[in-house]
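Trainee: sequence plus the predicted model coming up.
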Amino acid sequence: MAMIIDGKAISGQIREEIKEKVTGFISKYGKAPSLTVIIVGEDPASQVYVRNKARACEQVGIRSEVIRLPEDTDESSLVSLIEKLNGESGVNGILVQLPLPRGIDEKKIILAIDPKKDVDAFCYENVGRILTGDYDLLPCTPAGVMELLRRSGIEVCGKDCVVVGRSNIVGKPMAALLMHKNGTVTVCHSKTADLASHTRRADIIVAAVGKPGFITADMIKEGAVLIDVGINRTADGKLKGDIDFDGCFEKAAAITPVPGGVGPMTVTMLLQNTLKAAEKQI
Ligand code: GUN
């Protein structure tokens, strides 16, 4: 029977620690770290995410501002806004919520953000730093996964780690962070031949594919640690991860639930990045 890794509880604990550090930052420098979030258009999921990010900032004492722009905002005015925020000393972190409306080149927007304020760690400089291990800001979801493992006492060193999914936001940086902790990492994806032959060998599986219940009990080995990054909304409106939680529960050693696993950690790592960015900028 698996230990359930309670991301909500671990997240709450880290937020308390961040709150204390923010209080210390304010008494030392006379101002709070600050995050500016830009959202373009009306995507309902993005609206929820942005609201959660702003609320989490408020909870730990980070000042946040949400800039809402209409769907028909053009690329050059968005770049100009980012350049203006890059120059403002009162803005420590800048996050542009993705996806952006069609017609705006996401890459151009991400690269317009000053790397020191890039709290998503999406720009080329920060990605390069992640790969070489010379980083300050870590991508929020993979960083959240590492923190869940660490705080659950799960050792990565020497373990067979299989990351399912190779996105720039999760899969690729996840593989880098696991390697930094001396895991032996395999990255699988939609073109992998015989995926189960890889996952069945894994001590730790990180699933980030975006398909509900994709990893089933027959694909894991007894005693595996299962980390579920997937957040899929099913037809009946429920949230379901990429891992078949009920099917794998008996066989796994540890498993993250959805919701309440990796999700809360992502926002918590954003808070940590904002504080780190502010400390670096002082
Ligand atoms: N949209 C979905 N996930 C993310 C994220 O981590 N950062 C940003 N900026 N947008 C997202």
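Mentor: Thanks, I have the structure now.

Trainee: ok, the residue in the stretch 51-200 of the chain positioned nearest to the ligand - how many residues close by?
Mentor: Across the stretch 51-200 of the chain, the shortest distance to the ligand (C-beta to the nearest ligand atom) belongs to Leu98, at 3.7 Å. For every residue, glycine as well, the C-beta is placed using N, CA and C. By other C-beta atoms under 10 Å, the residues close to Leu98 number 16.

Trainee: give the buried residues for the longest helix along the chain.
Mentor: Longest helix of the chain, by residue count under DSSP state H: helix 7-29. Judged by neighbour count using 16 or more other C-beta atoms under 10 Å, the buried positions of helix 7-29 are Gly7, Ile10, Ser11, Ile14, Arg15, Ile18, Lys19, Lys21, Val22, Phe25.

Trainee: what of stretch 45-58?
Mentor: Ser46, Tyr49, Val50, Lys53, Ala54, Ala56, Cys57.

Trainee: helices - which of those residues land there?
Mentor: Ser46, Tyr49, Val50, Lys53, Ala54, Ala56, Cys57.

Trainee: just the closest of the residues you listed to Cys248, please.
Mentor: Nearest to Cys248 among these, counting by C-beta to C-beta, is Tyr49 at 26.9 Å.

Trainee: need the distance between the two termini of stretch 205-217.
Mentor: Using C-alpha to C-alpha, to the nearest Å, one end of stretch 205-217 lies 12 Å from the other.

Trainee: before we move on, which element is the most centrally placed residue in the chain in?
Mentor: In the chain, the residue lying closest to the centroid (C-alpha atoms, centre = their mean) is Thr141, at 1.8 Å. Counting by DSSP states H and E, the element that carries Thr141 is helix 140-151.

Trainee: packing partners for that helix?
Mentor: helix 7-29, helix 171-180, strand 225-228, helix 262-281 (3 or more C-beta pairs under 8 Å, 6 or more residues apart in numbering; DSSP states H and E).

Trainee: now do the longest helix of the chain: which elements does it pack against?
Mentor: Using 3+ C-beta pairs under 8 Å, 6+ apart, the elements in contact with helix 7-29 are helix 44-60, helix 140-151, helix 262-281.

Trainee: quick one: residues in contact with the helix holding Thr141.
Mentor: 5, 7, 10, 13-14, 119-121, 156, 169-170, 173-174, 176-178, 181, 204, 206, 208, 225, 227, 229, 256, 261-262, 265-270, 272-273 (C-beta atoms under 8 Å, 6 or more residues apart in numbering).

Trainee: ok, which of these also contact the ligand?
Mentor: Applying C-beta under 6 Å from any ligand atom to the contacts of helix 140-151, one finds that Asp120, Ile169 fall near the ligand.
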